[in-house]
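Enquirer: Okay, predicted coordinates and the sequence, questions at the end:
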Amino acid sequence: MITRREMLAGLGAAIAFKDDTLRVVERLVANVRSSPKGIAEDEAFWAQIQQAFTLDRTMVNLNNGGVCPSPRVVQDALRRMLEYSNQAPSFYMWRHLETEIDSVRRGLAKAFACDAEEVAITRNASEALETCLFGFDLGPGDEILTTTLDYPRMITTIQQREKRDGIKMVQAKIPHRPTSQIEIVEAIERAITSRTKLVLVCHVIFLNGQILPVRRIVAMCRARGIPVIVDGAHAFAQFPFSRDDLDCEYYGTSLHKWLMAPVGTGMLYVKKEKISSLWPLMAAPAESTANVRKFEEIGTHPAANHNAIAEALAFHEMIGAERKAARLRYLRSIWTEPLLGIPSVRFHTNLAAEHSCGLTTVEISGIKTEDLANWLWEKHRIFVTAINHDQFTGIRVTPNVYTTLEEIRRFSDAMVIAATKGIA
């Protein structure tokens, strides 16, 4: 377990602004004697974690997969650094705060288990992934292979390259609820042709939380000389893994989702020997060709946002990735188990641990997805995301560590009513 002292020392002055939250979490975790699975059901433990957030408890927010609230310690750091910068931005922001970005870089690299010189800090997963999708030299007729379940912004990015460069997008139809991971690998393999020059896959499908077998996909493509870009927007900090677990060379993620960092923060990983050949999204000096910082050349931007990532990292690491994943799966079990035996309920997420964690999509047959989402909000003040896709439809449910057991049971009770009595 990482201690607060070790975390603060590793991240340096970037997290000079802090409240008592981290000290509380450190004391709380120091007294833990249970396994992650055991602590997942310890409401006294999680009640303390929940107190670290400033929230509207009149509603139940189950759309943390879009953007998640940050703990108060992150909010305070962000606010104070913005105020500090605003005294004289060209001096305090550029000379003082911007210089701390490498401390945050080292913290992210440690969390991902890679070299700090392979990490660029971006504004979101879209920026990180578009850097990769636009950064490869491709010509007319070359193919980028993705899937039918990838994120719409990434699809439109590839479509822009189709119009501009004459390349071709190919989409493999993969099962959204496979019984075995090999089904996904085989579907992607069948779509590879002699013109396939680049592959984009999700680590976690944003529509339903399905975890893809990234390492197997990367190995399959590498054997054919095809690079793979991994969309990790919904994976990083949702459950434990490292770069070596994936063996990938390109990885983009958002940090304002499961890490609970400030809105507008993300990360791009590029393997060191691949940096030189990947074009940055915005022009960078020639001397930066082999430097991962060339991917951060975006013009003037606030330093506070990326510096406050350090507080979110500290909060996440102190709770522990294993404990967090166990808690998310426990909360899911509370609301899914009462629904499993109801004939009208269809889960579009494989609930097995190797297939998913905290993100789950469910449908009630006979009720339109938008109508169910609206009913949950209007009648019960429960906020979820409506998912409509060619392959399935349903509401996407994403709690986080601040979600209480009472809130989950409130959602479960409402879903049982909807499934057995309707919403009319």
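Expert: Alright, I've got the coordinates. Everything numeric here is computed off the predicted structure, so don't read it as measured data.

Enquirer: From now on I want contacts and neighbour counts done on CA atoms only, so please keep to that.
Expert: Noted.

Enquirer: what comes up buried for stretch 36-51?
Expert: Pro36, Lys37, Ile39, Ala40, Phe45, Trp46, Ile49, Gln50 (16 or more other Cα atoms under 10 Å).

Enquirer: I'd like to know how far the last one sits from Ser412.
Expert: Counting by Cα to Cα, to the nearest Å, the gap from Gln50 to Ser412 is 20 Å.

Enquirer: Dump the buried residues of stretch 36-51 to CSV, plus pLDDT and distance to Glu407.
Expert: Formatted as CSV, the buried residues of stretch 36-51 follow (pLDDT from 0 to 100; distance: Cα to Cα, whole Å):
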residue, pLDDT, distance to Glu407
Pro36, 91, 21
Lys37, 90, 20
Ile39, 93, 19
Ala40, 95, 16
Phe45, 93, 16
Trp46, 95, 13
Ile49, 94, 15
Gln50, 95, 12
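
Enquirer: Which one of the residues you listed is nearest to Ala310?
Expert: The shortest gap between Ala310 and any of the buried residues of stretch 36-51 belongs to Ile49, at 17.8 Å (Cα to Cα).

Enquirer: Next up, phi/psi of the closest one, please.
Expert: phi -60, psi -40 (degrees, to the nearest 10).

Enquirer: okay but it is in contact with Thr404, surely?
Expert: No: shown here, Ile49 and Thr404 do not form a contact pair, counting by Cα atoms under 8 Å, at 10.1 Å.

Enquirer: Check which residues of stretch 149-156 are buried.
Expert: Leu149, Asp150, Tyr151, Met154, Ile155.

Enquirer: which ones are touching the third one?
Expert: It stands for Tyr151. Neighbouring residues of Tyr151 by Cα atoms under 8 Å, 6 or more residues apart in numbering: Phe206.

Enquirer: Distance of Val270 relative to Phe112?
Expert: In this view, Val270 and Phe112 are 12 Å apart by Cα to Cα.

Enquirer: typo on my end, Leu351
Expert: Separation of Leu351 from Phe112 (Cα to Cα): 25 Å.

Enquirer: Am I right that Gln50 is in contact with Asn400?
Expert: No: assessed by Cα under 8 Å, Gln50 is found out of contact with Asn400, at 9.7 Å.

Enquirer: need the strands for the stretch 301-424 of the chain, in chain order.
Expert: Ranges of strands in the stretch 301-424 of the chain, per DSSP state E, counting those that start in this stretch, are 345-347, 360-364, 382-383, 385-388, 393-397.

Enquirer: what mean pLDDT does the first one have?
Expert: Spelled out, it's strand 345-347. For strand 345-347, the mean pLDDT works out to 98.

Enquirer: Same question for the second one.
Expert: Across strand 360-364, the average pLDDT comes to 98.

Enquirer: how near is the nearest residue to Glu43 once chain neighbours are set aside to Gly66?
Expert: With Cα to Cα, 6 or more residues apart in numbering as the criterion, Glu43 has its nearest non-adjacent residue at 7.9 Å, and that residue is Leu405. Leu405 sits 21 Å away from Gly66, going by Cα to Cα.

Enquirer: Quote the end-to-end distance of stretch 394-406.
Expert: Across stretch 394-406, first to last residue, Cα to Cα, it's 23 Å.

Enquirer: do the same with stretch 140-148
Expert: Stretch 140-148 stretches 22 Å from its first residue to its last (Cα to Cα).

Enquirer: swap in stretch 284-302?
Expert: Between where stretch 284-302 begins and where it ends, there is a gap of 19 Å, by Cα to Cα.

Enquirer: Contacts for it, please.
Expert: For stretch 284-302, contacts defined as Cα under 8 Å, 6+ apart pick out 82, 93, 117-122, 131, 270, 272, 275-276, 280-283.

Enquirer: how about 6 Å then?
Expert: Contacts to stretch 284-302, defined as Cα atoms under 6 Å, 6 or more residues apart in numbering, come from residues Glu118, Ala120, Ile275, Ser276, Pro280.

Enquirer: buried ones in that stretch?
Expert: Within stretch 284-302, the residues scored as buried using 16+ other Cα under 10 Å are Ala284, Thr289, Ala290, Asn291, Val292, Arg293, Lys294, Phe295, Glu296, Pro302.

Enquirer: swap in stretch 341-348?
Expert: Val345, Arg346, Phe347, His348.

Enquirer: Which one of those is nearest to His203?
Expert: For those, the residue nearest His203 by Cα to Cα is His348; the value is 17.0 Å.

Enquirer: so where is the protein shaky, pLDDT-wise?
Expert: Scanning the chain for pLDDT under 70 picks out 1-19.

Enquirer: The most centrally placed residue in it and Asp137, how far apart?
Expert: Among the residues of the chain, the one closest to the centroid is His234, at 2.9 Å (Cα atoms, centre = their mean). For His234, the distance to Asp137 equals 27 Å [Cα to Cα].

Enquirer: related to what we said a few turns ago, so the residue nearest to Glu43 versus Ala353, what's the distance?
Expert: For Leu405, the distance to Ala353 (Cα to Cα) stands at 20 Å.

Enquirer: which SSE is the residue nearest to the centre of the chain in?
Expert: Using DSSP states H and E, His234 falls within no helix or strand.

Enquirer: show me the contacts for it.
Expert: Per Cα under 6 Å, 6+ apart, neighbours of His234: Val204.

Enquirer: in terms of contact, does Cys106 touch Ala116 like I think?
Expert: No, residue 106 isn't Cys; it's Arg. Yes: in terms of Cα atoms under 6 Å, Arg106 counts as a neighbour of Ala116; the distance is 5.1 Å.

Enquirer: What's the biggest strand in this structure, counting residues?
Expert: Longest strand in the chain by number of residues (criterion: DSSP state E): strand 196-202.

Enquirer: List the contacts of that one.
Expert: The contact list for strand 196-202 (Cα under 6 Å, 6+ apart) reads Glu143, Ile144, Leu145, Thr146, Ile226, Pro227, Val228, Ile229, Val230, Asp231.
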